[in-house]
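Trainee: 3D model of this:
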Amino acid sequence: MKRIFFFVFVIAAILICGCRPEKVAVIAFFFDNPYAAESEKVEIDRILVLDLAGNILQNIQGGNYVTGLDNADLFTVYLTEAAKNGFVIEFLYRDNAERTLEIKTYSDGTALPMQEGRLLFAGTGTTRVWRVLVNDFELSRRPDEEQVNAKYNQEFPSKLIMPLQYLSVGYLFDENELMYIGILMYNSTKSTYILGGSLEISPYLTATQAIESRFNDDNEIKSTELLYSICKFDMPDGFNFNSSDLEKAKITAYKWLIDNAKPIGENILVWPFSYPNTYNDLEQPAGWVSAFPQKYVIDAFIYHDNKEFVEKAANAYFHPTSDGGVTFFGTDGTVWFEEVPNNSHILNAHIASLNTLSKVGEYLSTDKYDEIYHKALKSLEDTVCLGR
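Mentor: Numbers count the residues shown, from 1 in each chain. Purely as a prediction, here's the structure:
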């Protein structure tokens, strides 16, 4: 009888183990401080993955983990298909410095901030708990197979290598009072600048220059001189650190905006950047367009009372990023004004564009922008304010 019982027990154990649901990588994430110029260390005592009832699904080892532009520590959550529908990531952390910490998901070579993944540290020195609910959109960003280790629990995170970063080092004015921006490349892996660089014209800065010159005070000039000195960026002949004629600088910038508008359709204009750009791991080759400078270009044309160009610039918000415009149109009816044309939904450009579009209809005495404005506003409310 004992032999029979033992045999049945062994068979049952084999069946139970053999039928254990397979776990898959459902989300990969890393820490970032969006306001830090260099990588930091964040002290995390424990990371738990919990179901909505509070049961532990995965325990990830704590430690001092790298954030920011450097080789970010990448974490992976492994769950069964049945368990992945609604879960929370809980962090036990040390509030040891004043800073902002953001959790970003990583998939298909892009990083996006999580809906509830931003925390302000107060520097109290206490140990605190932070819980982040993972939503459906974040679950749709499955990690690439090559990004993760094919085992249930990662003992140590892998490394996320960031590309070279394009950084501005200051501002210069030419003899016509047109503002240029100095562009350098920054190797975040080695925390070093690549010496040399180029002078470029930024549509965003030019649009702000067309309204007012913000770069003529002593502090701005001293900051620019210091940056050029540190980065070994030689100032070309004929360039100055400040504009000598503010009104001329406005007109020069205004004319540049008119002369460098790019048509992408009937009565639709955009202002591409002449140089590449990187936001962390989001890379854009030269020629990219953005809703952020588009908003300031519209403001500049309102300032100079050019209704024709206000309308043509505002029409770019009807045009999708896939066709050279500045807006993402979701299949669910959502509308996002994009800061970079990879549909990463950066709130900065979206909110700034809403602010300007709210004025365009009144300025042009038309209601044709009302619908897209309200759709974009609803997308913001539903996604951010309601925590969806």
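Trainee: a strand runs through Lys169, doesn't it?
Mentor: Rather than Lys, residue 169 is Val. Yes: per DSSP: H, G, I helix; E, B strand; the rest coil, Val169 lies within a strand segment.
Trainee: any idea how far it is from Thr76?
Mentor: Using C-beta to C-beta, to the nearest Å, we find Val169 at a distance of 37 Å from Thr76. Where you see a C-beta, it was placed from the backbone N, CA and C, and this is true even at glycine.
Trainee: what about the helices in the stretch 51-200 of the chain?
Mentor: Applying DSSP state H, counting those that start in this stretch to the stretch 51-200 of the chain gives helices spanning 136-140.
Trainee: ditto for the stretch 201-350 of the chain
Mentor: 203-211, 218-230, 246-259, 291-303, 307-314, 347-364.
Trainee: Would you mind finding the most buried of those?
Mentor: Highest mean neighbour count among the helices of the stretch 201-350 of the chain (mean count of other C-beta atoms under 10 Å): helix 291-303, with a mean of 24.
Trainee: Show me what that helix is packed against.
Mentor: If you count contacts as 3 or more C-beta pairs under 8 Å, 6 or more residues apart in numbering; DSSP states H and E, helix 291-303 packs onto helix 203-211, helix 246-259, helix 307-314, helix 347-364.
Trainee: Recalculate using a threshold of 10 Å.
Mentor: Secondary structure elements in contact with helix 291-303, counted by 3 or more C-beta pairs under 10 Å, 6 or more residues apart in numbering; DSSP states H and E, are helix 203-211, helix 246-259, strand 268-270, helix 307-314, strand 327-329, strand 335-337, helix 347-364.
Trainee: what's the closest of the ones you listed to Leu282?
Mentor: helix 347-364 (12.8 Å; C-beta to C-beta).
Trainee: By residue count, tell me the biggest strand in the protein.
Mentor: strand 110-122 (DSSP state E).
Trainee: State the phi and psi torsions of the residue nearest in space to the middle of the chain.
Mentor: Centroid check for the chain by C-alpha atoms, centre = their mean gives Ile346 as the closest residue, at 5.3 Å. The phi/psi pair for Ile346 (degrees, to the nearest 10) reads phi -80, psi 120.
Trainee: Apart from its chain neighbours, what residue comes closest to it?
Mentor: In space, Ile346 comes closest to Glu339 once its chain neighbours are excluded; the distance is 3.9 Å by C-beta to C-beta, 6 or more residues apart in numbering.
Trainee: so the one you found touches Asn348, yeah?
Mentor: Yes: using C-beta atoms under 10 Å, Glu339 is in contact with Asn348, at 5.8 Å.
Trainee: Now for those two: what residues contact both?
Mentor: 291-292 (C-beta atoms under 10 Å, 6 or more residues apart in numbering).
Trainee: what is the rounded mean pLDDT of stretch 362-374?
Mentor: For stretch 362-374, mean pLDDT is 96.
Trainee: Check the offset of it from the chain's centre.
Mentor: 28 Å (C-alpha atoms, centre = their mean, to the nearest Å).
Trainee: what sits up against it?
Mentor: Residues from elsewhere that reach stretch 362-374 (C-beta under 10 Å, 6+ apart): 298, 301-302, 305, 307-308, 310-311, 314-315, 317-318, 327, 329, 335, 337, 353-354, 356-361.
Trainee: Please export the C-alpha coordinates of that stretch as CSV.
Mentor: The C-alpha coordinates for stretch 362-374 follow below in CSV (Å, rounded to 0.1, in the frame of the first residue of the first chain):
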residue,chain,number,x,y,z
GLU,A,362,-10.5,83.2,-32.3
TYR,A,363,-7.6,84.9,-34.1
LEU,A,364,-8.7,83.6,-37.5
SER,A,365,-12.5,83.9,-36.7
THR,A,366,-13.0,80.2,-37.5
ASP,A,367,-14.2,77.1,-35.7
LYS,A,368,-12.4,74.6,-37.9
TYR,A,369,-9.8,73.8,-35.2
ASP,A,370,-12.4,73.2,-32.5
GLU,A,371,-12.9,69.5,-33.1
ILE,A,372,-9.2,68.5,-33.1
TYR,A,373,-8.6,70.7,-30.1
HIS,A,374,-11.4,69.0,-28.1
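Trainee: Can you point out the buried residues in it?
Mentor: By 16 or more other C-beta atoms under 10 Å, the buried positions in stretch 362-374 come out as 363-364, 369, 372-373.
Trainee: Let me have those residues in CSV, extended by distance to Leu205.
Mentor: Shown next, in CSV, are those (distance: C-beta to C-beta, whole Å):
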residue, distance to Leu205
Tyr363, 23
Leu364, 26
Tyr369, 25
Ile372, 27
Tyr373, 26
